[in-house]
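**Student:** could you work out the structure for the sequence below:
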Amino acid sequence: MSQTSDILIFDMDGVLVEVTESYRETICQTVKHFTGQTISRDLVQDYKNQGGWNNDWLLSEKILIDLGHPVPFDDVKEQFNVIFFGNVVEGIPDGLMLREQWLPQPQLLERLAAKYHLAIFTGREHDEAMMTLKRFAPQIGFTPLLAADHGHAAKPAPDGLLHIAKMFPQAEPWYVGDTVDDARSARAAGVPFIGIAAPGVPQRELLLALFQQEGALHILENINQLPGVLLT
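**Tutor:** Residues are numbered from 1 along each chain as shown. Take a look at the predicted model:
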């Protein structure tokens, strides 16, 4: 792919990977572990829609505080990881991470890669991202894969998108995400944004309104609709 090809930058969770039963459920189980209370996924989405809660460890800590059960961050993170990863043997976890589902249909990314340079800007840490990519799409080359532990300010800051854009100064970047933090990061970076709002996502009408407010060029139900807006 040439330097002049446009760059299609993906968020991972909710875009490439269905995480309702992995990350989102891990938040709920982490909160229940420390409080005995069952919280709804609607509540989790309420926080996501507020913005500023891209990091699920910090979000779990925040919910615990708001419920009147403050827990040291390191303890929250440790319990979250126990639930999410479980035991990892030779790079394969047995926790809730195994519930993840790959959203792109066969050949979708290969079709997009024929025209676009493919990259990832995710709130996951690098090793977590690679575990999922190796499981579902080892044949796809995402360059760069910019993760949370690569030293850039977290979304909604634009730093990660600006970094990727600078790598390909003659190309136009696009960002595909599923949260208001993704949209705000793109707007701050001056990068066209495509929002993903799955039909079953909690608080969907609010999410649609937030995407529109943040200037999304397109709002899709899933990543498999991308060719309809990009390749026509």
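**Student:** longest single helix anywhere in the protein?
**Tutor:** helix 73-85 (DSSP state H).
**Student:** outside of the helix or strand following it, which residues touch it?
**Tutor:** Per DSSP states H and E, helix 73-85 leads on to strand 88-89 as the next helix or strand towards the C-terminus. Here strand 88-89 makes contact (Cβ atoms under 8 Å, 6 or more residues apart in numbering) with residue 94. C-beta: built from backbone N, CA, C; applies to glycine.
**Student:** same for the following helix or strand past strand 88-89, what does it pack against?
**Tutor:** Sequence-wise, the next helix or strand downstream of strand 88-89 (DSSP H and E) is strand 92-93. Applying 3 or more Cβ pairs under 8 Å, 6 or more residues apart in numbering; DSSP states H and E, one finds that strand 92-93 contacts helix 126-136.
**Student:** rerun that using 10 Å as the cut-off
**Tutor:** Strand 92-93 makes packing contacts with helix 73-85, helix 126-136 when contacts are defined by 3 or more Cβ pairs under 10 Å, 6 or more residues apart in numbering; DSSP states H and E.
**Student:** would TSV of the ones you listed with distance to residue 63 and mean neighbour count be doable?
**Tutor:** Putting the helices and strands packed on strand 92-93 into TSV (distance: least, Cβ to Cβ, whole Å; neighbours: other Cβ atoms under 10 Å) gives the following:
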stretch	distance to residue 63	mean neighbour count
helix 73-85	10	17
helix 126-136	21	17
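**Student:** for residue 148, which of those is the nearest?
**Tutor:** Across the helices and strands packed on strand 92-93, residue 148 has its closest neighbour in helix 126-136 (8.0 Å, Cβ to Cβ).
**Student:** so what would you say the end-to-end distance of stretch 92-108 is?
**Tutor:** Start and end residues of stretch 92-108 are separated by 25 Å (Cα to Cα, to the nearest Å).
**Student:** CSV for the helices and strands packed on strand 92-93, including mean pLDDT?
**Tutor:** Converted to CSV, the helices and strands packed on strand 92-93 look like this (pLDDT from 0 to 100):
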stretch, mean pLDDT
helix 73-85, 97
helix 126-136, 94
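**Student:** to residue 36, which of the ones you listed lies closest?
**Tutor:** Going by Cβ to Cβ, the one of the helices and strands packed on strand 92-93 nearest residue 36 is helix 73-85, 13.6 Å.
**Student:** roughly how far out does that closest one sit from the chain middle?
**Tutor:** Computed by Cα atoms, centre = their mean, to the nearest Å, the chain-centroid distance of helix 73-85 equals 19 Å.
**Student:** relative to helix 126-136, how tilted is it?
**Tutor:** 10 degrees (axes from the mean of the first three to the mean of the last three Cα atoms, to 10 degrees).
**Student:** and helix 73-85, what does it pack against?
**Tutor:** helix 25-35, helix 56-66, strand 92-93, helix 126-136.
**Student:** what about residue 231, neighbour count?
**Tutor:** Residue 231 is flanked by 11 other residues according to other Cβ atoms under 10 Å.
**Student:** got a markdown table for the helices and strands packed on strand 92-93, with distance to residue 104 too?
**Tutor:** What follows is those, written out as a markdown table (distance: least, Cβ to Cβ, whole Å):
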| stretch | distance to residue 104 |
| --- | --- |
| helix 73-85 | 22 |
| helix 126-136 | 9 |
